[in-house]
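In: Here's a sequence, model it:
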Amino acid sequence: MKTRTTFILFLTAILTLAAGSAFGLYSGGSGTPGDPYKIATKTDLLTLAITSGDYSKCFILTADINMGGGTFTTAIIAADTNPNSGFQGIVFSGTFDGNDHKITNFTINGINGASFVGLFGYIVSGGNIKNLGLENCSVSGSSGSYYVGGLVGYNSGGISDCYSTGAVSGSSGSSDVGGLVGFNTGGISDCYSTGAVSGSGSSNVGGLVGYTFSSSSISNCYSTGSVSGSSNVYVGGLVGFNFSSGNISNCYSTGAVSGSSNVGGLVGYNFGSGSTVSSFWDINTSGQTASAGGTGKTTTQMKTFLTFTSAGWDFNSVWVLPLGQYPMLFLRQAGDLNYDGRVDFADFAIFADNWLAGE
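Out: Below is the predicted model of the structure:
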C-alpha cells in the first residue's frame, strides 16, 4: 500500500509539473488574439525572452514590470545570436500589447558588435507592439554594431502608442541609432521618445529613428531628447536618414542636435523620394536652422495652436496642446495633463492655469 501511495504521489507531481509547463508558463492566457498570454511579472517577461517558440503568439501586460536594474548584453526579446552574419535569431512576429503599462529599470550594453539591440531585437512584418512605455532604461551598441533602438532595434512591423524615456547610444563604427527604433521599414504611429541619443563615430542617428527605409512611415510622433556625437554622419532631431519612399508626417522634434555632416533639426538627410509633410522642429532649442525635411519654427511658434492646426493636425483625438507647452499625444490616464505618466501636483497646476485663463 505504501509503495502504491508513493507511486500515486509521484505520478501526481509529474502531471502537475507537466500541466504547469503546458498551461502556466506565464500568468495566464493561451496566446491567442482573444486570450493573450498575460505578462504580470519580471519572471513572465524573462520567460518570454527565452521562449522563442512563442514569438508568434499574442501577449498583454497586466501590470507595470520592474526589471530591477538588470543588465543585458543583447536584445531582451528576439535577440540576434550571431553578430557576424546578419540576424541569426528568431524574429518576433506576434503582438505585444503593453495595455498602457510600462517596463522599467533595465540596461542593455551590447558587446562584441552585437546588433539588433533594444527591448525587442527584430520585429518582422505582421508583428505589432502597442500601448507600451519604457522608463529608467538605457541601451547602447558596441563598436561596429547596427540597428540600435530603445524599444526596437529593427522594425518591419507596426509600432503604435509607445514611448521611451531612456538614453540610447552607439559606439565608433555603429549605425542606425534611434531613441525608439534603430532601423524602420514598417509603420510607427502615435509614439515619442525623450531620452538623449548619442554616438561617437556613428552614422544615421535620430532622436526617434536612426534610419527609415523604403515604404516605411512615421506619423504623429515626436522626440525631445538631444541628439549628439562626434564625427557623426546623418544626424536629425527626429530621423537621421530618410531613404527612398519613407514618409514622415505630423511629427516634430525639439532636442539639441549636433554632428559633423548632414545634420538637420528634424531630418539629417533625405534620399530619393522620401517625404516629410506637416512636420516641424524648434530652431531655438535644436540649435539648427536647416533640415532635410520639415519646417523650422521658433519656440513660441512651436507652442502656438495655429502652427499645427493650419497643417491639418488632429486635436480632437490625437493631439492636445497644454498651455505654454509643446503638443502632446493623448494618453489614457485620466488627469495626466502634462503627459508624464503620473497624476500629481504638476497636473493640478496645469489645470489651475487653464482655469484661470478661462480655457
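
In: From now on I want contacts and neighbour counts done on CA atoms only, so please keep to that.
Out: Will do.

In: so which helix or strand takes in residue 348?
Out: Using DSSP states H and E, residue 348 sits within helix 345-356.

In: Kindly apply the preceding question to residue 48 instead.
Out: Going by DSSP H and E, residue 48 is part of helix 42-50.

In: and what of residue 125?
Out: Judged by DSSP H and E, residue 125 forms part of no helix or strand.

In: Wait, it touches residue 154, no?
Out: No. Contact criterion C-alpha atoms under 8 Å: residue 125 and residue 154 do not qualify, at 10.8 Å.

In: neighbour-wise, which of the two wins?
Out: residue 154 (29 against 17; other C-alpha atoms under 10 Å).

In: Now do the more buried one against residue 304, distance only.
Out: As for residue 154, its distance to residue 304 is 35 Å (criterion: C-alpha to C-alpha, to the nearest Å).

In: what ranges of the chain fall below the confidence cut-off?
Out: 1-23, 331-344, 347, 350-359 (pLDDT under 70).

In: So which residues of it form helices?
Out: Secondary structure of the chain (DSSP state H): helices located at 2-23, 42-50, 283-286, 299-302, 305-309, 345-356.

In: Name the residues of the fourth one that are buried.
Out: The neighbour-count criterion (16 or more other C-alpha atoms under 10 Å) identifies 299, 302 as the buried residues of helix 299-302.

In: any idea how far it is from the chain center?
Out: Taking the mean of its C-alpha atoms, helix 299-302 sits 26 Å from the chain's own mean (C-alpha atoms, centre = their mean, to the nearest Å).

In: same for it, what does it pack against?
Out: strand 280-282, helix 283-286 (3 or more C-alpha pairs under 8 Å, 6 or more residues apart in numbering; DSSP states H and E).

In: So which of the ones you listed is the most surrounded?
Out: Of all the helices and strands packed on helix 299-302, strand 280-282 has the most neighbours on average by mean count of other C-alpha atoms under 10 Å, namely a mean of 30.

In: Show me what it is packed against.
Out: Against strand 280-282 (3+ C-alpha pairs under 8 Å, 6+ apart) you get strand 252-253, strand 295-297, helix 299-302.

In: Could you tell me which strands that strand is paired with, and in which direction each runs?
Out: Here strand 280-282 is paired, per DSSP bridges, with strand 252-253 (parallel), strand 295-297 (parallel).

In: Pick the most buried one from those strands.
Out: Looking across the strands paired with strand 280-282 with neighbours counted as mean count of other C-alpha under 10 Å, the highest average goes to strand 252-253: a mean of 32.

In: ok, residues contacting that one?
Out: 207, 221-224, 237-238, 265-266, 279-282 (C-alpha atoms under 8 Å, 6 or more residues apart in numbering).

In: Please convert these to a markdown table, extending it with distance to residue 191.
Out: Formatted as a markdown table, the contacts of strand 252-253 follow (distance: C-alpha to C-alpha, whole Å):
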| residue | distance to residue 191 |
| --- | --- |
| 207 | 12 |
| 221 | 5 |
| 222 | 7 |
| 223 | 9 |
| 224 | 12 |
| 237 | 15 |
| 238 | 12 |
| 265 | 19 |
| 266 | 16 |
| 279 | 14 |
| 280 | 16 |
| 281 | 16 |
| 282 | 18 |
